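> Predicted structure and sequence below. I'll ask about it afterward.
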Amino acid sequence: MMVHISVDTERCVGAGQCVLSAPDVFDQDDSGIVMVLEEPADEPGREAARQAGLICPSQAITVKEG
């Protein structure tokens with residue numbers, strides 16, 4: 001199953017939890033704001049992206065199935 005990841009850069013506080021939990025999926029720009037590198041193609045990557053969305057302190061990451 002595929003996932004679609006969206007980020008709200010206005011909500012991002014630059015905590016970096018997403019990068020720590022899914023470094024193949026997320027990075028931060030020069031200001032520390034989240035950006036999606038690529039949507040994961042395998043289940044471990046998708047699970048890491050889901051976890052990043054759950055632990056994001058500002059809830060700036062949305063992971064949708066489908």
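Looks like it arrived, so ask away. Computed from a prediction, not measured in an experiment: that's the story for all the values here. Residues are numbered from 1 along each chain as shown.
> how about the helices of the protein, start to end?
17-21, 43-55 (DSSP state H).
> Turn these into a markdown table, including mean pLDDT and mean neighbour count.
Just so you know, the C-beta spots here come from the backbone N, C-alpha and C atoms, and that holds for glycine as well. A markdown table is the format used below for these (pLDDT from 0 to 100; neighbours: other CB atoms under 10 Å):
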| stretch | mean pLDDT | mean neighbour count |
| --- | --- | --- |
| helix 17-21 | 97 | 19 |
| helix 43-55 | 97 | 17 |
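> which residues sit in contact with the closest residue to Asp24 other than its chain neighbours?
Once flanking residues are discounted, Asp24 sits nearest to Gly45: 6.0 Å by CB to CB, 6 or more residues apart in numbering. Going by CB atoms under 8 Å, 6 or more residues apart in numbering, Gly45 touches 22, 24-25.
> quick one: Gly45 from Met35, how far?
As for Gly45, its distance to Met35 is 16 Å (criterion: CB to CB, to the nearest Å).
> Could you do Arg11 as well?
According to CB to CB, Arg11 stands 14 Å off from Met35.
> all strands for the protein, in order.
3-7, 26-28, 34-36, 61-65 (DSSP state E).
> So in that sheet, which strands flank the second one, and in what orientation?
Paired with strand 26-28 in the same sheet, following DSSP bridges, are strand 34-36 (antiparallel).
> Can I get the strands of the chain in a markdown table including distance to Leu54, mean pLDDT and mean neighbour count?
Shown next, in a markdown table, are the strands of the chain (distance: least, CB to CB, whole Å; pLDDT from 0 to 100; neighbours: other CB atoms under 10 Å):
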| stretch | distance to Leu54 | mean pLDDT | mean neighbour count |
| --- | --- | --- | --- |
| strand 3-7 | 13 | 96 | 17 |
| strand 26-28 | 13 | 98 | 18 |
| strand 34-36 | 14 | 98 | 19 |
| strand 61-65 | 9 | 96 | 15 |
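> got these as TSV, with distance to Ala49 columns?
Shown next, in TSV, are the strands of the chain (distance: least, CB to CB, whole Å):
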stretch	distance to Ala49
strand 3-7	6
strand 26-28	8
strand 34-36	9
strand 61-65	5
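> Which of the helices of the chain sits closest to Asp29?
Closest approach to Asp29 among the helices of the chain is made by helix 17-21 (11.2 Å; CB to CB).
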